[in-house]
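Student: Structure of the sequence below:
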Amino acid sequence: MNSNVLMRIGRLFILLLTQVLVFNHIHLFGYITPLVIGYMVVCFHRNTSRVEVLIWAFAIGLLFDMFSNTAGMAAASCTLIAMIQPVLLNRMAPRDSEDDLIPSFKTLGFWNYTFYVLLLMLILHGCFYLLDALTLVDWPLTLLSIGGGAIFSTLIIICIELIIRAPKDPEHHS
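Tutor: Down below sits the predicted model:
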């Protein structure tokens with residue numbers, strides 16, 4: 001097993017644990033819940049095979065469904081954004097960028113990366129909450145859940161990115 005797979009499994013474990021134990025219990029205004037599990041799909045490199053991305057995304061969603069009792073909604077939502085992620089990443093990446101580009105603030109720029117994450121989170125939350133509602137009878141609340149959840153998740157992912165990929169300067173450590 002190579003180190004990339006082991007690193008993804010570690011990230012999956014930490015992300016799934018925090019999603020299930022922390023983020024699933026946050027309900028801003030009673031309707032806005034972040035689905036930070038989409039961060040795993042956001043982070044796939046540009047040259048990752050499409051099949052690999054789809055399998056990982058489905059597994060991420062399925063594990064979330066098992067621990068959150070959401071009956072396949074996360075598996076379907078994560079698989080959907082996995083289908084869109086490579087296309088969106090290619091559109092957002094600079095033309096002269098590397099083939100194995102890792103999406104981040106450094107590679108895409110702050111606003112492009114934020115827009116990239118926000119679009120994927122809108123699609124993830126849209127699919128998840130539309131499957132949850134299965135009707136548009138209470139559409140204002142569904143739209144609040146989708147939009148609010150996507151924005152909240154994007155803010156959390158930006159904070160995670162800033163923490164994980166912060167420049168390490170050994171001279172400033174005391």
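Student: Nearest residue to the residue nearest the centre of the chain in space, please, no chain neighbours.
Tutor: With distances taken as C-alpha atoms, centre = their mean, residue 38 lies nearest the centre of the chain, 2.1 Å away. Of all residues not flanking residue 38 in the chain, residue 124 sits nearest, at 4.4 Å (C-beta to C-beta, 6 or more residues apart in numbering). All C-beta atoms are positioned from the backbone trio N, CA, C, and that covers glycine.
Student: which residues touch that neighbour?
Tutor: 35, 38, 41, 77-78, 80-81, 150, 153 (C-beta atoms under 8 Å, 6 or more residues apart in numbering).
Student: which stretches of this protein have low pLDDT?
Tutor: Filtered on pLDDT under 70, the chain yields the residue ranges 1, 167-174.
Student: longest helix anywhere in it?
Tutor: helix 139-164 (DSSP state H).
Student: ok now that one, how far from the chain's centre?
Tutor: The chain centre lies 10 Å from the centre of helix 139-164; the measure is C-alpha atoms, centre = their mean, to the nearest Å.
Student: Show me which positions of that helix end up buried.
Tutor: Neighbour counts over helix 139-164 (16 or more other C-beta atoms under 10 Å) mark 142, 144-154, 156-158, 160-161 as buried.
Student: in a helix, that's where the residue nearest to the centre of the chain is, yeah?
Tutor: Yes. Residue 38 forms part of a helix when assessed by DSSP: H, G, I helix; E, B strand; the rest coil.
Student: looking at it, it is touching residue 79, isn't it?
Tutor: No. Assessed by C-beta atoms under 8 Å, residue 38 is found out of contact with residue 79, at 11.3 Å.
Student: Spit out the contact partners of the residue nearest to the centre of the chain.
Tutor: Contacts of residue 38 by C-beta under 8 Å, 6+ apart are 77-78, 81, 120-121, 124, 153, 157.
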